[in-house]
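Student: This is the structure alone, sequence omitted:
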């Protein structure tokens with residue numbers, strides 16, 4: 001079922017939204033200071049191409065830098081990408097078949113507004129992976 005949803009998603013909206021994230025990444029890489037935004041945008045673009053079977057969780061190590069970066073991101077790219085997700089969700093929700101795709105678009109709106117401090121993990125993962133091994137007591 002995930003494969004079918006991902007293929008339908010890719011054809012009817014995933015490519016366009018991924019193109020928006022890739023454009024944001026390109027602009028971010030051109031402006032040297034915003035290179036971390038470019039990497040976050042590429043991560044979300046890959047998720048936007050194939051969202052079913054994966055989920056986005058908060059990174060436990062994200063701090064104040066991610067918060068400040070998210071504010072700058074919203075001003076530069078986040079608002080436009082969120083509007084794109086909202087318009088796409090409304091268009092997909094018009095049909096019965098598109099309702100799961102519309103819900104996926106709505107799930108991406110918070111991520112499009114605050115991408116820093118997020119991590120993409122498989123949906124069947126019991127706990128999100130961390131970068132550091134647990135400290136033995």
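Tutor: In hand now; what should we look at? It should be emphasised that the depicted structure is a prediction, and the values quoted were computed from it without experimental measurement.

Student: I'd like the distance from residue 26 to residue 73, if you could.
Tutor: 15 Å (CB to CB, to the nearest Å). Where you see a C-beta, it was placed from the backbone N, CA and C, and this is true even at glycine.

Student: ah, wrong one, I meant residue 33
Tutor: 12 Å.

Student: Pop out the phi and psi values for residue 122.
Tutor: Per-residue torsions, residue 122: phi -60, psi 150 (degrees, to the nearest 10).

Student: Next, count neighbours for the nearest residue to it once chain neighbours are set aside.
Tutor: Nearest residue to residue 122, sequence neighbours excluded (CB to CB, 6 or more residues apart in numbering): residue 54, at 5.8 Å. Applying other CB atoms under 10 Å, we find 16 other residues in the vicinity of residue 54.

Student: so how far is residue 85 from residue 54?
Tutor: For residue 54, the distance to residue 85 - CB to CB - is 16 Å.

Student: And the strands in the chain?
Tutor: For the chain, applying DSSP state E gives strands covering 54-58, 118-122.

Student: now the first one: mean pLDDT?
Tutor: Which is strand 54-58. Averaged over strand 54-58, pLDDT sits at 85.

Student: which helices and strands does that strand pack with?
Tutor: Judged by 3 or more CB pairs under 8 Å, 6 or more residues apart in numbering; DSSP states H and E, strand 54-58 is in contact with strand 118-122.

Student: Report the angle between the strand it packs on and strand 54-58.
Tutor: 140 degrees (axes from the mean of the first three to the mean of the last three CA atoms, to 10 degrees).

Student: so what's the residue nearest the centre of the chain up against?
Tutor: By CA atoms, centre = their mean, the chain has its centre lying nearest to residue 44, at 3.6 Å. Contact analysis of residue 44 by CB atoms under 8 Å, 6 or more residues apart in numbering lists 21, 108, 111-112, 115, 118.

Student: thinking again about what came up before, what about residue 33 and residue 73, which has more around it?
Tutor: Counted by other CB under 10 Å, residue 33 and residue 73 do not tie: residue 73 has more neighbours, with 25 against 8.
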